[in-house]
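J.: the sequence and its predicted three-dimensional model are supplied below.
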Amino acid sequence: MARESFDKEIQFSRMLVLTSGAYSRQQFADRLGISVHTFDKTIKRLKNVIQTVQKEPAPRADITNLLTYNYFDSSDPLLLFLFRAKSVKETESYRLTALLSALQERSLTATELLDYLPAEMPLSDEKTIRSDLKYLEEIGVIGRAAGGRPYRYHLRNELLTALTDDELADLYDFVDVMANTQVPSVQGYLLRDHIKKAHIQRNSFTERFLYKYHYHSRILDEAHLYSLFHAIRHRKKIRFCYFSPKARVSYASKNTNPLFERETAGKEVLVLPLKVIYDHQYGRWYLLGNAPRLGIVKFRVEGLTQLEEAESVSEREFASKLQQLEEKIRNSWLVDTGAPVTVKARFYNPTDTRSNFIKERVLLQGQWGSITEEDADSFLYEITVNGTTEMKPWLRSFGSSCEVLSPAYLRRELIAEWKEIRSYYESFRENL
């Protein structure tokens with residue numbers, strides 16, 4: 001699958017989940033910024049991918065029925081199938097599979113590997129094979145055997161073959177827990193699947209843990225993470241087409257034919273990436289960077305499409321921009337770069353409980369804030385943050401156990417919100 005195609009299917013799948021099939025074909029195509037014909041082709045492609053991964057025939061024509069899943073199968077997150085599908089071109093997937101199959105038996109050189117590839121396979125020349133071997137070596141799938149040129153390559157599967165059954169089971173449980181509790185997690189899910197297959201081949205297999213997965217968009221956003229990490233590590237600028245969450249469309253095709261070129265609704269961006277931040281509350285990824293003439297900029301990763309690397313910058317320039325960013329977000333609850341403001345809130349301790357779970361949660365999630373006063377019934381919490389927008393949902397989540405004292409405007413905003421919530425229930429009769 002080409003990179004642009006993967007972008008399209010990511011945005012397509014995200015909208016499919018968010019709308020639950022409520023849009024018509026034309027509405028869906030308009031919202032994505034594609035034609036109805038492209039919509040139909042993408043539907044067909046997704047069906048083929050799902051059926052290949054699930055190895056089950058689709059009983060219904062509606063794609064939304066293919067994406068439904070059982071609650072008790074939630075340890076396998078929805079939309080992960082896109083990552084199990086080949087995110088490379090179809091010819092590349094066949095060639096890489098053939099190379100890995102050949103290396104399972106013994107170490108081979110690039111020239112020897114040519115004999116294991118079907119003659120009718122396109123681009124089966126030594127230069128292409130060496131490029132494939134370099135890619136597989138970079139991602140850790142294969143390694144070079146001891147000795148000089150010509151290099152011999154072997155499959156790196158020691159992790160599975162050298163473990164006993166009990167060790168393999170313990171490894172699976174560890175990877176399963178980490179993949180479901182840490183971010184990023186896609187690589188963990190894929191590793192878990194490989195360990196599971198190896199475990200099943202040896203003996204019977206039993207799931208020991210069960211998770212309910214909530215943030216499906218987080219899985220899709222991870223498609224760009226490692227490209228961003230690579231650009232940050234190598235101090236490279238990136239170029240992409242960005243679609244704001246408020247935009248009327250979320251994708252636009254990358255036109256290569258000038259006769260059909262049209263103005264895209266996305267924003268072409270050139271930026272030096274500096275930091276990637278994850279919002280645990282909403283399951284969102286943010287990219288923070290520095291753009292010419294704009295300075296510090298922030299983007300939701302879900303809006304990034306057609307991502308590619310650009311020119312490099314010096315280590316000194318990167319360090320300078322990163323220092324400016326760190327200083328700007330030093331008091332950010334998440335990524336807010338507004339003016340600093342001191343928030344004071346009184347938290348009320350729970351009654352008739354053995355543990356003070358309110359205080360425990362504040363100490364765990366309250367970041368650099370501190371408790372300045374405390375008595376038997378309540379405690380006062382203070383923190384200086386860049387604006388209150390990002391912090392407000394956290395304060396609101398405590399309900400009646402939290403009273404905001406200052407700033408006054410935040411207190412008024414919360415009062416208005418609680419009054420609005422109360423009004424939703426006023427129409428019900430008391431004797432119902």
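T.: Arrived safely, thanks for sending. Just so it is clear, the structure is predicted and the values come from calculations on it, not from any experiment.

J.: tell me the domain boundaries of this protein?
T.: Domain ranges of the chain: 90-156, 159-202, 340-423, per automatic domain parsing.

J.: can you add mean neighbour count and give those domains back as a markdown table?
T.: All C-beta spots, glycine's among them, are computed from the backbone N, C-alpha and C. Shown next, in a markdown table, are the domains of the chain (neighbours: other Cβ atoms under 10 Å):
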| stretch | mean neighbour count |
| --- | --- |
| domain 90-156 | 14 |
| domain 159-202 | 15 |
| domain 340-423 | 14 |
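
J.: which stretches of the stretch 201-350 of the chain have low pLDDT?
T.: When residues are selected by pLDDT under 70, those of the stretch 201-350 of the chain lie in 204, 212-214, 248, 250-265.

J.: quick one: Glu167 and Ala198, what's the gap?
T.: 11 Å (Cβ to Cβ, to the nearest Å).

J.: sorry, back to before: just put the domains of the chain in TSV and tack on distance to Thr19.
T.: TSV is the format used below for the domains of the chain (distance: least, Cβ to Cβ, whole Å):
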stretch	distance to Thr19
domain 90-156	29
domain 159-202	23
domain 340-423	24
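
J.: quick one: closest of these to Pro273.
T.: In terms of Cβ to Cβ, the element of the domains of the chain nearest to Pro273 is domain 159-202, at 15.5 Å.

J.: give me the distance between the two termini of the closest one.
T.: 15 Å (Cα to Cα, to the nearest Å).

J.: what's the closest of the domains of the chain to Lys328?
T.: Between those, domain 340-423 lies closest to Lys328; by Cβ to Cβ that is 8.0 Å.

J.: quick check, central residue of this structure?
T.: Nearest to the geometric centre of the chain sits Glu222, at 2.8 Å (Cα atoms, centre = their mean).

J.: tell me which element it is part of?
T.: For Glu222, the host element (DSSP states H and E) is helix 216-233.

J.: name the next helix or strand downstream of that helix, please.
T.: strand 236-242.

J.: helices or strands up against that next one?
T.: Under the contact definition 3 or more Cβ pairs under 8 Å, 6 or more residues apart in numbering; DSSP states H and E, strand 236-242 sits against helix 216-233, strand 267-279, strand 304-312.

J.: how far does stretch 158-165 stretch from start to finish?
T.: Using Cα to Cα, the two ends of stretch 158-165 sit 14 Å apart.

J.: surely Ser314 touches Arg235?
T.: Yes. Proximity of Ser314 to Arg235 meets the contact threshold set by Cβ atoms under 8 Å, at 7.5 Å.

J.: compare these two (neighbour count), which wins?
T.: Arg235 (18 against 9; other Cβ atoms under 10 Å).

J.: wait, the more buried one touches Val313, no?
T.: Yes. Between Arg235 and Val313 there is a contact at 5.3 Å, judged by Cβ under 8 Å.

J.: can you count the residues close to Cys241?
T.: For Cys241, using other Cβ under 10 Å, the count is 19.

J.: and it, how far is that from Thr38?
T.: 16 Å.

J.: cool, and Ser400?
T.: 51 Å.

J.: so which elements touch the helix holding Glu222?
T.: Counting by 3+ Cβ pairs under 8 Å, 6+ apart, helix 216-233 packs on helix 3-19, helix 81-84, strand 236-242, strand 267-279, strand 284-291, strand 304-312.

J.: how far off helix 3-19 does that helix point, in degrees?
T.: Here the directions of helix 216-233 and helix 3-19 differ by 150 degrees (axes from the mean of the first three to the mean of the last three Cα atoms, to 10 degrees).

J.: and helix 216-233, how far out from the chain middle?
T.: Distance, stretch centre to chain centre, for helix 216-233: 6 Å (Cα atoms, centre = their mean, to the nearest Å).
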